[in-house]
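Asker: Give me a model of this one.
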Amino acid sequence: MGTIYYGGSATPIHIEDRALAHLKVVIATKLRRGESFTVSWRHPDDQPRGRSSIWLHESIPLRFVFDDPEPTLLSREWIEELSNSANSSGGIMLVAEHFDGAGATATDGELAQN
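Answerer: You can find the predicted model right below:
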């Protein structure tokens with residue numbers, strides 16, 4: 001389970017490592033371009049029912065922490081889906097990955113370099 005530390009919030013945001021790796025690529029790309037947006041997610045079953053959203057802006061401190069020391073293989077399709085939602089007025093809605101048989105295509109570092 002990975003973690004996002006955002007701004008001065010005392011509450012870390014826990015997201016599964018694979019989802020966090022994909023989200024990190026999209027967030028870094030958007031913030032590098034100076035684009036602000038929201039990220040929303042449903043609360044996990046072990047938390048009170050509901051959903052949360054955060055506003056991401058390049059001036060707000062942000063840190064990603066992964067439990068797995070090895071970078072995960074990334075799905076170009078999932079990154080594109082998250083990127084498309086980031087460009088919408090509703091922002092990113094973190095959804096489960098859709099497996100289409102293509103599987104993972106590149107490591108976190110490989111996609112970040114492209």
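Asker: so is residue 4 in a helix, a strand, or just coil?
Answerer: Classification of residue 4 by DSSP: H, G, I helix; E, B strand; the rest coil places it in strand.
Asker: make that residue 45, sorry
Answerer: coil.
Asker: What is the burial count for it?
Answerer: 6 (other CB atoms under 10 Å). Where C-beta positions appear, they are placed from N, C-alpha and C, glycine not excepted.
Asker: same deal with residue 30?
Answerer: 21.
Asker: list the contacts for it?
Answerer: When contacts are counted by CB atoms under 8 Å, 6 or more residues apart in numbering, residue 30 touches 36-37, 56, 86.
Asker: The same query, at a cut-off of 10 Å, please.
Answerer: Neighbouring residues of residue 30 by CB atoms under 10 Å, 6 or more residues apart in numbering: 36-37, 39, 56, 58, 82-83, 86-87, 91-92.
Asker: Confirm that it lies within a strand, as I assumed.
Answerer: No - the assignment for residue 30 by three-state DSSP gives helix, which leaves it out of any strand.
Asker: What score does the nearest residue to residue 57 once chain neighbours are set aside have for pLDDT?
Answerer: In space, residue 57 comes closest to residue 36 once its chain neighbours are excluded; the distance is 4.5 Å by CB to CB, 6 or more residues apart in numbering. On pLDDT, residue 36 comes in at 93.
Asker: distance of residue 36 from residue 87?
Answerer: The spacing between residue 36 and residue 87, counted by CB to CB, to the nearest Å, is 12 Å.
Asker: Redo the contacts of residue 30 as TSV? Include secondary structure, neighbour count and distance to residue 74.
Answerer: Below are those laid out as TSV (DSSP: H, G, I helix; E, B strand; the rest coil; neighbours: other CB atoms under 10 Å; distance: CB to CB, whole Å):
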residue	secondary structure	neighbour count	distance to residue 74
36	coil	13	24
37	strand	20	20
39	strand	24	17
56	strand	21	20
58	coil	12	23
82	helix	25	11
83	helix	15	12
86	helix	21	16
87	coil	13	19
91	coil	18	21
92	strand	25	16
